[in-house]
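**Student:** Need coordinates for the following:
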Amino acid sequence: MINEVIEDVESSMNATIEAIRRDLSRLRTGRANASLLEPVRVDYYGSKTPLSQMASVTVPEARVLQVKPWDKSVIGAVERALHEANLGVSPQSDGEVIRLIFPATTEERRKEFVKESWIHIENGKVSIRNKRRDGNDMLKELEKDGDIGEDLLKVALAKVQDLTNSNTNALDQLGKQKEQEILTV
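**Tutor:** So this is what the prediction gives:
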């Protein structure tokens, strides 16, 4: 029972870290990154289809994303979806390929991106602490029901705290890496 609770807490904390990692990968860093286009949905024959399912996205240069739809008849819809995605750049089409050219970011803008990345990190820490609280509550409930003793409860609570500490440290490392990536010109 204790192991099940601890495994549940650990898996939910790991899911939080992966979610934060995905969120951070979508932040602009001054370099083109294909993950910036993950949320883009294209109106494809009446349904919203993820761009990744209908086009190849490449990074031919550091600040250029190139989108090549597999079906050339939808290039207008892809271009419209990219424009509506508010990426901060205008799509440029030559009839076969759409290019998104990202301008070099100013130092002030990079600092804003750093602040935004740390906001994501703090939100992740809050989520991890909430998962710790939930796990501790479940363990205390087990002790209250008589399923585990007080000594086992203390050991289990210490394990949950260790998980919390290691995961918040992992988030701090993610934040430092992203900050370094953003500030590198």
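
**Student:** pLDDT below threshold where in the protein?
**Tutor:** Across the chain, the ranges flagged by pLDDT under 70 are 28-30, 185.

**Student:** Name the residues of the biggest helix by length in it that are buried.
**Tutor:** In the chain, taking DSSP state H as the definition, the longest helix is helix 107-144. Buried residues in helix 107-144, counted by 16 or more other CB atoms under 10 Å: 110, 113-114, 116-117, 120-121, 124-125, 127-128, 131-132, 135-136, 138-139, 142-143. The way it works is simple: take the backbone N, C-alpha and C, and place the C-beta from them, glycine included.

**Student:** So the residue of the chain positioned farthest from its centre: helix, strand or coil?
**Tutor:** Each residue of the chain has a distance to the centre, and by CA atoms, centre = their mean the biggest one is for residue 146: 40.4 Å. Under DSSP: H, G, I helix; E, B strand; the rest coil, residue 146 falls in the coil class.

**Student:** where does it fall, phi/psi-wise?
**Tutor:** phi 90, psi 10 (degrees, to the nearest 10).

**Student:** Could you give the separation of stretch 62-82 from the chain centroid?
**Tutor:** On the basis of CA atoms, centre = their mean, to the nearest Å, the separation between the geometric centre of stretch 62-82 and that of its chain is 23 Å.

**Student:** What is the three-state secondary structure of residue 31?
**Tutor:** Here residue 31 is coil, with the state taken from three-state DSSP.

**Student:** where's the closest residue to residue 175 other than its chain neighbours relative to residue 9, distance?
**Tutor:** Nearest residue to residue 175 in three dimensions, chain neighbours excluded: residue 121, at 4.1 Å (CB to CB, 6 or more residues apart in numbering). Taking CB to CB, to the nearest Å as the measure, residue 121 falls 20 Å from residue 9.

**Student:** again, but for residue 64
**Tutor:** From residue 64 to residue 9 the distance is 43 Å (CB to CB).

**Student:** now do residue 92
**Tutor:** The gap separating residue 92 from residue 9 is 48 Å, by CB to CB.

**Student:** what does residue 149 give?
**Tutor:** Distance of residue 149 to residue 9, given as CB to CB: 20 Å.

**Student:** So for those two, which sits in the more crowded spot?
**Tutor:** Under the criterion of other CB atoms under 10 Å, the comparison of residue 149 against residue 9 puts residue 9 first, with 25 against 11.
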